[in-house]
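Undergrad: sequence and computational prediction follow.
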Amino acid sequence: MPDILVSAAILTDADGRVLVVRKQGTTRFMQPGGKPESGETPSQTLRR
């Protein structure tokens, strides 16, 4: 099985709440992030 590379971040606010996202058409929440495009650094992936 091939490796799947992703970049993810845990973002919190001043009250300690954690930001989560939900892709359109899904029911599960996850950390913000995604799969890097060719040549992208993890930081660039998260900013996109």
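TA: Structure's in. What do you need? Numbers count the residues shown, from 1 in each chain.
Undergrad: Ser7: how many residues sit nearby?
TA: Ser7 has 19 neighbours, counted by other C-beta atoms under 10 Å. In short, each C-beta sits where N, CA and C put it, glycine included.
Undergrad: what of the one 4 residues further on?
TA: As a burial measure, Leu11 scores 12 neighbours (other C-beta under 10 Å).
Undergrad: so it sits against Pro32, correct?
TA: Yes: counting by C-beta atoms under 8 Å, Pro32 is a contact partner of Leu11 at 6.5 Å.
Undergrad: which neighbours do the two share?
TA: Here Leu11 and Pro32 share the contacting residues Leu19, scored by C-beta atoms under 8 Å, 6 or more residues apart in numbering.
Undergrad: okay, Lys23: pLDDT?
TA: Lys23 carries a pLDDT value of 89.
Undergrad: any idea what the closest residue to it other than its chain neighbours is bridged to?
TA: Nearest residue to Lys23, sequence neighbours excluded (C-beta to C-beta, 6 or more residues apart in numbering): Met30, at 7.8 Å. Under the criterion DSSP bridges, Met30 forms beta bridges with Val21.
Undergrad: how many neighbours does Met30 have?
TA: The burial count for Met30: 13, using other C-beta under 10 Å.
Undergrad: repeat for Thr26
TA: Residues lying near Thr26 (other C-beta under 10 Å) number 9.
Undergrad: just say helix, strand or coil for it.
TA: In three-state terms, and counting by DSSP: H, G, I helix; E, B strand; the rest coil, Thr26 is coil.
Undergrad: check what pLDDT it gets.
TA: Thr26 is assigned a pLDDT of 94 by the prediction.
Undergrad: show me what contacts Ala8?
TA: Contacts of Ala8 were listed using C-beta under 8 Å, 6+ apart, and they are 30-33, 46.
Undergrad: which among the residues you listed count as buried?
TA: Among these, the ones that count as buried by 16 or more other C-beta atoms under 10 Å are 33, 46.
Undergrad: return the member of the contacts of Ala8 nearest to Arg22.
TA: Met30 (7.3 Å; C-beta to C-beta).
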